[in-house]
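Novice: predicted coordinates and the sequence they were generated for:
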Amino acid sequence: MTTSNLTSISSLVTLLFSLSTLRDWLKLLVVGGFLEACRRFISSLFQTVKESLFITATFDDEDDSFRWIMHWLSQHPSWSRTLKVSTRSLSLPGMATLVPGEEQDPDALTAGKRNLSYVPATTNSLSFWYKRHWINVTRFERELQNNYFRTREESLQIRILTRSHQVLNELLLEAKRAYTAAQNNIITIYVSDSSNCWKQIATRPKRPLDSIILDPGMKDDLVADAKDFLQSRDWYADRGIPFRRGYLLYGAPGSGKTSIIHSIAGELGLDIYVITLSRAGLDDTGLTELITELPERCIALMEDIDAALTQSITREKDTEVENDPLKDPRKPQQPPGQNSSLSRVSLSGLLNALDGVSAQEGRILFATTNKYTSLDPALCRPGRMDVHIEFKLASKYQARELYRTFYVPESMKDMKHKEFNDEKHASQRPEGGAEMVDDLIDISESSTENKPMLNGTHVEMITGMLHQKRTPRLSHNKLSMLADSFADAIPEREISMAALQGFLMVHKVRPIEAVKNVPAWIAKETKDKPKGSSAPETASGS
């Protein structure tokens, strides 16, 4: 660069700085930059001071505490007074505020519709006072899309104007107690989603143990064993034994395996976590993650474990490999990937998940199967399935007790179970009992002309029975004699309890006709069906 060029550049710079307009703009730029820096500093300082005065807690919807807080907020007056709301049809109680008048709509209950409820709109803040502390609550929501499902995640952010955690602790404990009290008569059911997180899907009322009819002693032994396990944590710890318990329920379909699990969950106050081994996209890693994330006290349920896996969980051979593209070596195999629509859980993965080093302790595992002899011995060994219980087809005892349960008068429901179900009654009937039953049947036959009418036509053209509320009143002796006659007509271990219940539902308010019609129904049921084969006669356990 020459001297003349340098001189021309310096002259240009001198000329520019000599312009007053440019000097003013430069001053404005410097002052503006300084003011903006001061604004940002003050804003950051204010935010820091503000955050130091608040405790902020975030609750995700996959955590139990989210449901505690949502239920507690739904009972708070400010929740129902918020001006920005969104509506939602809920099947889960206690998570929102019902629209006024909705709880008084009997048609909704009859139609099986979900309640219409209000929840605060997303990103809308709700403020209220709690024990002289100002609280701000904000509900957030976002949608996630993966290869299988579109899911929605929610979260709550609670900000409390205090520097002490005591207020937050008191709020959480109060919310938990309120939620627990509201759930006292129901059990909660969870399933896993595509991201291997547990999601609450339903609540069910607790089922009384008295409503489950099994062979004498079977139900009591099972419940007593489960209760003893839950109270034996120290015993297991002192001996270095993993604190886990597994029950394998096997036997004929419709024999009450799932029903007793539901009832035991209510009796023990435990929620049910359904592990679906055939879920699309589930693999060994996902199964291990699910079982690891189980809470300490719960029931993990695996139904139909013999048919749940695509790989070898049983000892049975696949006789149709050539028809299965997944097993046919002549066909190109698609490598397992994220887009696979089938479960990829293996037997070894299941075994490791049940009793591996990462398996959750304190849980009770229930597995059900209709094909007990086909299960792999490694799956059935103690430590994984500690107690094996066979559920057979209905016995005469079960048939008798089921009949009594169906038609017991309201005045007798408060009687003690042992007083009503007198074991001696099975062999000691009142004199003339059979004749009295015949007389009752004759009276019932003479009243057939009073059957319900539908559009002027007798209901013989309708399969089933029109629903009626009122059950005929029967004395204790009459009910017992009818129950004995009903049980006498049932062949031992040939009909399932589910089938018996279905038959009695057809005769819901006609106990005498149920006794009269049961022989013909039994003949029809057993005509083309071979006698059911059962698994080994005795239940085993350790």
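Specialist: Perfect, I can see it now.

Novice: tell me, please, the helix or strand in the chain that averages the lowest pLDDT.
Specialist: In the chain, no helix or strand scores lower on mean pLDDT, DSSP states H and E than strand 453-454, which sits at a mean of 41.

Novice: which residue ranges of the stretch 51-200 of the chain form helices?
Specialist: 64-74, 77-81, 106-111, 166-182 (DSSP state H, counting those that start in this stretch).

Novice: what about the closest residue to Asn136 other than its chain neighbours, neighbour count?
Specialist: Nearest residue to Asn136 in three dimensions, chain neighbours excluded: Arg159, at 4.5 Å (CB to CB, 6 or more residues apart in numbering). In short, each C-beta sits where N, CA and C put it, glycine included. By other CB atoms under 10 Å, the residues close to Arg159 number 20.

Novice: tell me the bridge partners for Arg159.
Specialist: Counting by DSSP bridges, Arg159 is bridged to Thr56, Asn136.

Novice: now it: how far from Trp134?
Specialist: According to CB to CB, to the nearest Å, Arg159 and Trp134 sit 9 Å apart.

Novice: ok, now how distant is the closest residue to Gly356 other than its chain neighbours from Ala353?
Specialist: Spatially, and ignoring its direct neighbours in sequence, Gly356 is nearest to Thr288 (7.0 Å; CB to CB, 6+ apart). According to CB to CB, Thr288 and Ala353 sit 5 Å apart.

Novice: show me where pLDDT drops low in the chain?
Specialist: For the chain, applying pLDDT under 70 flags the ranges 1-6, 12-13, 15-19, 80, 82-123, 145-150, 308-343, 410-471, 528, 530-542.

Novice: if we use 50, what do you get?
Specialist: 89-92, 104, 106, 108-112, 310-312, 315-340, 416-428, 448-460, 532-542 (pLDDT under 50).

Novice: quick one, domains of it?
Specialist: Split into domains by automatic domain parsing, the chain comes to 54-85+119-184, 202-316+338-391, 396-527.

Novice: and those domains as TSV, adding distance to Ile9?
Specialist: As requested, the domains of the chain are exported to TSV (distance: least, CB to CB, whole Å):
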stretch	distance to Ile9
domain 54-85+119-184	56
domain 202-316+338-391	62
domain 396-527	99
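
Novice: restricting to C-alpha, output the helix or strand hosting Leu290 in PDB.
Specialist: Assigned by DSSP states H and E, Leu290 falls within helix 284-292. Output of helix 284-292 as PDB, limited to C-alpha atoms (Å, rounded to 0.1, in the frame of the first residue of the first chain):
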ATOM      1  CA  ASP A 284     -36.100 -57.400  27.100                       C
ATOM      2  CA  THR A 285     -34.600 -54.000  28.000                       C
ATOM      3  CA  GLY A 286     -38.000 -52.400  28.100                       C
ATOM      4  CA  LEU A 287     -39.400 -55.200  30.300                       C
ATOM      5  CA  THR A 288     -36.600 -54.800  32.700                       C
ATOM      6  CA  GLU A 289     -37.100 -51.100  32.900                       C
ATOM      7  CA  LEU A 290     -40.800 -51.600  33.500                       C
ATOM      8  CA  ILE A 291     -40.300 -54.100  36.400                       C
ATOM      9  CA  THR A 292     -37.600 -51.900  37.900                       C
END
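
Novice: who has more neighbours out of Thr288 and Ala353?
Specialist: Taking neighbours as other CB under 10 Å, Thr288 and Ala353 compare with Ala353 leading, 23 against 20.
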